[in-house]
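>>> need coordinates for the following:
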Amino acid sequence: MTERPSPMGFLEFVLLCAAMMALQALAVDAMLPALPTIVRSLGVLNENHGQWVVTSYIVGVGVGQLLWGLLSDRYGRRPILLVGIALYVVAAICCGLAQSFPAMLGWRLLHGFSAASVVVVRSVVRDLYSGRRMARVMSLTFVVFLMVPVIAPSLGQLILLLAPWRSIFLVFGAFGALVWLWALLRLTETLHPEYRLTLTGAHVAGALRIVLCERTSLCYSLAGALVFGSVLAYVGMVEQIFAVAFHREQLMPSMFALCSVFMGIASYGNSRIVERIGMRRISHAALLAFIAVTAAHLAVAVLGLERIWTFVALQALTMACVSLALSNFGAMAMEPVGAVAGIGASLQGFITTIGSAIVSAGIGREFAGTTTPLAGGALACGLASLVFVLLAEQGRLFRPHAPGLAEAVGAA
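Down below sits the predicted model:
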């Protein structure tokens, strides 16, 4: 498995990739404290409908990923990232100017569609690295990427103290503009001209067949969608949980940040040990731990023992397991489709994002003032994810890596 050097310094490469990926997370996490204000300002009567501001964005991300990766296989990674991030800036500003709830949802859909362009970052990493080294790069990227949830809710709360809620979306636009300028000046093309695909029906169909028929790629994408769905449900419900279940909404930003710190620590730990221990051992153990922790959380919630400290402690452990599982699931899903990395990242991203949006919407609609739906939904997601992991591994956990179909195609 070959490895090509990064076109810039390793640290700068990781930071730039993380900054581009952070555009997606920032557009969700920083606006969470503003959801009640947005709902009231735009005349929404049902507070649960405020979750649609998150859901519409996620749907846009899922749909957009089908396009951006495909285009990057044809025109290269750099121009697609630059166009997508520029559109992100425009959509963020338009969200801040929206005068009605339907208009807000429409612009959020476009906001997510443009943010989906950062799925190409996964293709950039796959262009340059493979195997456990790729998993390490992705983990390091996640460390920086996961710092966004640590500071974003507090940033959103600070903006609300100083300015109207619309200013939050203007901050999204400003950050996007800075990342766009950084990429313009420093990012070079990573896809060699001889590897670019022509967008004929036959080529696209062949690439899609590789992605969809490669068992490891498809099953780990579905497993990731289920686990990520539980995370999106938590993100969509966390403001309501602190406001309604605990009556301590002022603690939400700091507690949300604390849970995210555990994700960052876990991701950094993964980057340090994955090349030695392996992706499968780490991610499979993390998924089993995720199931155990969410089962314990459900028991606490059903028995009426839930308190703020139990919620934060169990959710922090859950997020740590999520970080260890997802960073490796993504690398394992991408590994066998390196020959069609752009389409592979697009289709996997579409499966993961749309699947997780459907899962989170189903969990979120059950909120009725307790944490039981969140804990129960997360446990169900973990068990279903385990089924797909077992399908990917032919019933055996922790088994060694075996090359996939697309790797053989690429080698040939």
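
>>> who does the one helix or strand residue 226 maps to touch, helix- and strand-wise?
Per DSSP states H and E, residue 226 falls inside helix 215-240. On a contact count with 3 or more C-beta pairs under 8 Å, 6 or more residues apart in numbering; DSSP states H and E, helix 215-240 meets helix 52-75, helix 201-213, helix 252-277, helix 279-302, helix 308-334, helix 341-364, helix 372-392. Glycine gets a C-beta too; all of them are placed from N, C-alpha and C.

>>> kindly recompute the last result at 6 Å.
helix 308-334, helix 341-364, helix 372-392 (3 or more C-beta pairs under 6 Å, 6 or more residues apart in numbering; DSSP states H and E).

>>> compute the inter-axis angle for that helix and helix 52-75.
150 degrees (axes from the mean of the first three to the mean of the last three C-alpha atoms, to 10 degrees).

>>> hey, least reliable of the helices and strands packed on helix 215-240 by pLDDT?
When these are compared by mean pLDDT, helix 341-364 comes last with a mean of 80.

>>> show me what contacts residue 327?
138-139, 142, 267, 270 (C-beta atoms under 6 Å, 6 or more residues apart in numbering).

>>> and which of those is nearest residue 100?
residue 142 (36.4 Å; C-beta to C-beta).

>>> from residue 265, how far off is residue 327?
Look at residue 327 and residue 265: by C-beta to C-beta, to the nearest Å, they are 13 Å apart.

>>> can you check residue 9 too?
Counting by C-beta to C-beta, the gap from residue 9 to residue 265 is 25 Å.

>>> likewise residue 371?
Taken as C-beta to C-beta, the span from residue 371 to residue 265 is 23 Å.

>>> and those two? Which one has more around it.
residue 371 (23 against 16; other C-beta atoms under 10 Å).

>>> thought that one was touching residue 302?
No - with contact defined as C-beta atoms under 6 Å, residue 371 does not count as touching residue 302 (9.8 Å).

>>> overlap in contacts of the two?
Joint contacts of residue 371 and residue 302 (C-beta under 6 Å, 6+ apart) do not exist.

>>> still on that earlier bit, distance from the helix holding residue 226 to the middle of the chain?
8 Å (C-alpha atoms, centre = their mean, to the nearest Å).

>>> what angle sits between that helix and helix 279-302?
Using the same axes, to 10 degrees: helix 215-240 against helix 279-302 is 30 degrees.

>>> buried by neighbour count: which residues of helix 215-240 qualify?
Using 16 or more other C-beta atoms under 10 Å as the test for burial, helix 215-240 gives 216-240.

>>> go on, stretch 313-333?
313-333.

>>> got it, and stretch 88-96?
In stretch 88-96, counting by 16+ other C-beta under 10 Å, buried: 88-89, 91-96.

>>> which among the residues you listed gets closest to residue 363?
Distances from residue 363 to these, taken by C-beta to C-beta, are shortest for residue 95, at 24.8 Å.

>>> helix or strand: which one has that closest one?
helix 77-97.

>>> dump the residue contacts of the spatially closest residue to residue 93 that is not a sequence neighbour.
The shortest distance from residue 93 to any non-neighbouring residue, by C-beta to C-beta, 6 or more residues apart in numbering, is to residue 173 (4.7 Å). For residue 173, the contacting residues are 89, 92-93, by C-beta under 6 Å, 6+ apart.

>>> ok, those vs residue 202, which is closest?
Checking the contacts of residue 173 one by one against residue 202 (C-beta to C-beta), the nearest turns out to be residue 89, at 36.2 Å.

>>> so that closest one is in contact with residue 176, correct?
Yes - with contact defined as C-beta under 6 Å, residue 89 counts as touching residue 176 (4.3 Å).

>>> give me the below-cutoff pLDDT ranges for the chain.
1-7, 47-48, 131-132, 142-147, 149-150, 199, 203, 338-342, 400-412 (pLDDT under 70).

>>> how about 50 then?
1-5, 403-412 (pLDDT under 50).

>>> show me what counts as buried in stretch 176-195.
Buried residues in stretch 176-195 (16+ other C-beta under 10 Å): 176-177, 179-180, 182-183, 187, 190-191.

>>> what does that stretch rub up against?
So stretch 176-195 is contacted by 7-8, 19-20, 23, 76-78, 81, 85-86, 88-89, 124, 127-128 (C-beta under 6 Å, 6+ apart).

>>> start to end distance for it?
29 Å (C-alpha to C-alpha, to the nearest Å).

>>> equivalent analysis for stretch 240-247, please.
End residues of stretch 240-247 are separated by 9 Å (C-alpha to C-alpha).
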